[in-house]
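Chemist: pasting a predicted model and its sequence here:
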Amino acid sequence: MALYLTLSIALYLISRLLYTTLLYPRFFSPLRNLPGPPLGDPIYGRFAEIMRTEAGVAQREWVKEHGPVVRAVGPLGIERLIFMSPEACQKILVSDWVDYPRPKFMRDTLGLVAGYGLLTVTGNEHKQMRKAMNPAFSINNLMAQSDMYYDAIESLVELINAQIDAQPDPHNGAELLMYEWLAKATLDIICATAFGYTTDSLHNPHNELAEAYEKLTSLQTGPNLARFIAVVSIPGFARFLNSDFAHRHRKWFGYLGPFAQITHLLTSMSRIRAVSASILASKTREAAASLPNDADAKRDIMSLLVRARAGVDEGKEGFTLSDGAMMDQVLTFLGAGHETTASGLAWTLWLLANDPISQSKLREEVTPLFASTSTSTSTEAPPRPGYRALKDLAWLDCVVQESLRVLPPVPMTFRQAAKTDYIDGVLVPEGTLFYVPIRVINTWKEVWGPDAEEFKPSRWLNLPPKYNPAFSTLSFIAGPHACIGKTMAIIEMKAVLGALITHFEFSPAYEGQVPQPTAAVTMKPKDNMPLRVKRVKRD
Ligand code: HEM
């Protein structure tokens, strides 16, 4: 009887596998006649090609060959669609966004590495959370916050100078792994703006929060993410991994061979949560002792949320977020805002290192604002240009927009159809997965012309006729799920670049150097971006 049962289960599983991987995509899928690349490997589909190439590049080649609607098959016969038209983007991301949520595997994986906040909720729950979070990202608040960036920026400039001084020939500059330095600076900045907490990881690599984050981000490689996705796809497992029980017994995952990294993931998350819990407790005490509408009250995101919850400030509605939910929000900001901004900055330096004319033009623009006015007899603090001053620098804006267009830190995201509907005249069944092909759309020749894949900041001074402000670049996507930190990230990037380009010249580290973007959630440089950095000579 047991043998009969085992054989029946095995037969069922084999026929199901054969149906989903071989028969369904070839003969039964309603999407089978859409244009796209051949089905590929019977088990992995086009997955190997995607992992082999730079993020977004395989998809870009398919669009070039097959046009603006593409169907491709991934692992286990699961189909994914690409729609390039602004009308389709408008429907999926904006007008019908509730019907096209992030897929569950993605929300669960993001929850595991970045907290269960805005990135993991959908529909009404998302609307309420977003409403509660928006005030922390208002222009008034961003204007008050921009000063918080400069402690880290000034440390970065000082430390790069020290590295150059330590070389046998300082005139020749130093070869530095710029991504590593930028990741420390952006971690320090996001900890200050999100928590009001000083990590100073630039000087102190052993800061508890900085160490836990470094470990957490080092785990986010393509193969690890594939494993985490496999684990959270087991029903109930994502919730289990988030439980106190799993955190307390995390060392047992260490015995699970390829899944042993879960132990490290949970250890890092536990350490990050412990630090944030103590920060939250001290902010709650501060809010209780604080006066209404105190002009000197702290402007970091957690302080604002705590004051709003406690109803401290007149005219500002209180809202009810538990301690746990509030911590998850702030952890989401740290997770979503640290590596992305560091990658954006590293790619911008790479592009400028390879375009000396744009780099010098930028230096001419930013130096009057960022150069210190110290003389041999007086020492002035370095200038700290604020939100408005940074916004008015036209060439800096062109450089940042163009860098985020050609090398977007988040090159791709996903959506899934929650109901059957037509998109661009194609009947899309419920459950279908979509690529939101950020990098492909950003460099689409149809809109940006034949040089679409090249870095040319001047194109932002004369935009092409087919440019659509909402859907021709999707680096922060669009609609209700668009990046809440977009303006903060752009201002932060401008402040860091302004200071670096004023003080240093960047060039490739060696002849023939090629960029090496990873294929993980954030497209960071695999080699940590070595660049030759020389001090700017001034008369
Ligand atoms: C250059 C830097 C950044 C880039 C390129 C970027 C890009 C993105 C993208 C593409 C999304 C949409 C993901 C999806 O829907 O699947 C997103 C969402 C999000 N980002 Fe950013 N981001 C950056 C910086 C930041 C910063 C600094 C913060 C916070 C301080 C932040 C917080 C968030 C949050 C909370 C979401 C989820 C929004 C929602 O669903 O309502 N990001 N970001």
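Modeler: Received, thanks. Residues are numbered from 1 along each chain as shown.

Chemist: buried ones in the lowest-mean-pLDDT helix or strand in the chain?
Modeler: In the chain, the helix or strand scored least confidently by mean pLDDT, DSSP states H and E is helix 222-232, which has a mean of 75. For helix 222-232, the neighbour count (16 or more other Cβ atoms under 10 Å) marks 224-225, 227-229, 231-232 as buried. The way it works is simple: take the backbone N, C-alpha and C, and place the C-beta from them, glycine included.

Chemist: in space, what's closest to the closest residue to the ligand within the stretch 351-500 of the chain - neighbours in sequence excluded?
Modeler: Proximity to the ligand, evaluated over the stretch 351-500 of the chain using Cβ to the nearest ligand atom, is greatest for Gly485 at 2.2 Å. The shortest distance from Gly485 to any non-neighbouring residue, by Cβ to Cβ, 6 or more residues apart in numbering, is to Gly337 (4.9 Å).

Chemist: isn't the one you found right next to Ile190, touching?
Modeler: Yes - proximity of Gly337 to Ile190 meets the contact threshold set by Cβ atoms under 8 Å, at 4.8 Å.

Chemist: who's more crowded, these two?
Modeler: Ile190 (32 against 24; other Cβ atoms under 10 Å).

Chemist: rewinding a little: by contact count, what packs against the least confident helix or strand of the chain?
Modeler: Secondary-structure packing of helix 222-232 (3 or more Cβ pairs under 8 Å, 6 or more residues apart in numbering; DSSP states H and E): helix 104-114, helix 237-241, helix 261-288.

Chemist: just how off-centre is the shortest one within its chain?
Modeler: It refers to helix 237-241. Relative to its chain's centre, helix 237-241 lies at 23 Å (Cα atoms, centre = their mean, to the nearest Å).

Chemist: and that helix, which residues are buried?
Modeler: The neighbour-count check on helix 237-241 (16+ other Cβ under 10 Å) flags 238, 241 as buried.

Chemist: so Val533, which of the three states?
Modeler: Counting by DSSP: H, G, I helix; E, B strand; the rest coil, the backbone at Val533 sits in strand.

Chemist: quick one: the residue nearest to Gly485 from the ligand, how far?
Modeler: 3 Å (Cβ to the nearest ligand atom, to the nearest Å).

Chemist: surely Ala418 meets Lys104?
Modeler: No - checked against Cβ under 8 Å, the pair Ala418 and Lys104 is beyond contact range at 10.7 Å.

Chemist: show the backbone phi and psi for the nearest residue to Ala277 once chain neighbours are set aside.
Modeler: Nearest non-adjacent residue to Ala277, counting by Cβ to Cβ, 6+ apart: Met327, 6.6 Å away. With angles defined as degrees, to the nearest 10, Met327 sits at phi -60, psi -40.

Chemist: Met327 contacts Ser278, doesn't it?
Modeler: No - the criterion here is Cβ under 8 Å, and Met327 misses it with Ser278 at 10.7 Å.

Chemist: the more surrounded of the two?
Modeler: Higher neighbour count among Met327 and Ser278: Met327, with 22 against 11, using other Cβ under 10 Å.

Chemist: the residue of the stretch 101-250 of the chain found nearest the ligand: neighbour count?
Modeler: The nearest approach of the stretch 101-250 of the chain to the ligand comes at Leu118, 4.1 Å away (Cβ to the nearest ligand atom). Residues near Leu118, counting by other Cβ under 10 Å, number 23.

Chemist: residues contacting it?
Modeler: 126, 129-130, 133, 329, 332, 484 (Cβ atoms under 8 Å, 6 or more residues apart in numbering).
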